[in-house]
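Enquirer: Sequence and predicted structure, then a few things I'm wondering about:
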Amino acid sequence: QVPRAPSQPLAGSESRRFTNKHSKKALKASLTLGILLGMFFVAWLPFFVTNVAQAVCGCVPAAFFDVLTWLGYCNSTMNPIIYPLFMRDFKRAMAKFLPCCRRSGEPRPSAISLSMRNSNSGPRAATSLKNVL
């Protein structure tokens with residue numbers, strides 16, 4: 001038997017597992033993007049259509065226009081709810097800084113540790129692709 005060289009493709013089951021994992025991630029990303037864009041269009045499209053109608057004929061009541069404007073503003077309040085529901089990385093990042101989202105055993109990072117991490121001074125761990133991911 002000849003050992004498999006690194007340039008050869010992965011074995012059948014290994015290749016399928018790799019493909020399934022990435023296709024699930026792509027499907028979840030597509031779903032999240034679809035929900036975000038859908039919410040954006042539902043919230044802002046009536047406002048823009050009404051805005052054009054108002055410019056053309058001036059027949060839109062001011063109260064209705066205000067309601068549609070606030071519907072668009074509500075989209076901005078929905079985003080912080082939608083992102084943590086569908087994005088695990090966003091949820092982890094927010095948990096580091098918001099006390100309501102932190103687990104009981106997880107300490108809050110101090111300002112000093114954050115500034116040391118973001119500056120070029122202080123000890124640094126070796127950066128590799130494994131550490132980044």
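Expert: Received the coordinates, thanks. All values derive from a computational prediction rather than experimental measurement.
Enquirer: Counting neighbours, what do you get for Ala63?
Expert: 7 (other CB atoms under 10 Å). The C-beta positions use only the backbone N, C-alpha and C, and glycine is treated the same way.
Enquirer: ok, it - contacts?
Expert: The contact partners of Ala63, taken as CB atoms under 8 Å, 6 or more residues apart in numbering, number zero.
Enquirer: All the helices of this structure, in order from the start?
Expert: 12-57, 62-86, 88-97, 111-118, 129-132 (DSSP state H).
Enquirer: Turn those helices into a markdown table, including mean pLDDT.
Expert: Listed next are the helices of the chain as a markdown table, based on pLDDT from 0 to 100:
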| stretch | mean pLDDT |
| --- | --- |
| helix 12-57 | 84 |
| helix 62-86 | 87 |
| helix 88-97 | 80 |
| helix 111-118 | 53 |
| helix 129-132 | 50 |
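Enquirer: tell me the contacts of the spatially closest residue to Phe65 that is not a sequence neighbour?
Expert: Residue nearest to Phe65 in three dimensions, not counting chain neighbours: Thr50, with 6.1 Å by CB to CB, 6 or more residues apart in numbering. Counting by CB under 8 Å, 6+ apart, Thr50 touches 60, 64-65, 68.
Enquirer: Could you tell me how far Leu33 is located from Val52?
Expert: Distance, Leu33 to Val52, by CB to CB, to the nearest Å: 26 Å.
Enquirer: could you flag which of the contacts of Thr50 are buried?
Expert: Buried subset of the contacts of Thr50 (neighbour count, 16 or more other CB atoms under 10 Å): 60, 68.
Enquirer: Identify the farthest-apart pair in the contacts of Thr50.
Expert: Greatest spacing in the contacts of Thr50, by CB to CB: Val60 and Leu68 (8.7 Å).
Enquirer: number of nearby residues for the residue nearest to Phe40 when sequence neighbours are not counted?
Expert: Using CB to CB, 6+ apart and skipping the chain neighbours, the partner closest in space to Phe40 is Asn75 (5.9 Å). Look at Asn75: counted by other CB under 10 Å, it has 17 neighbours.
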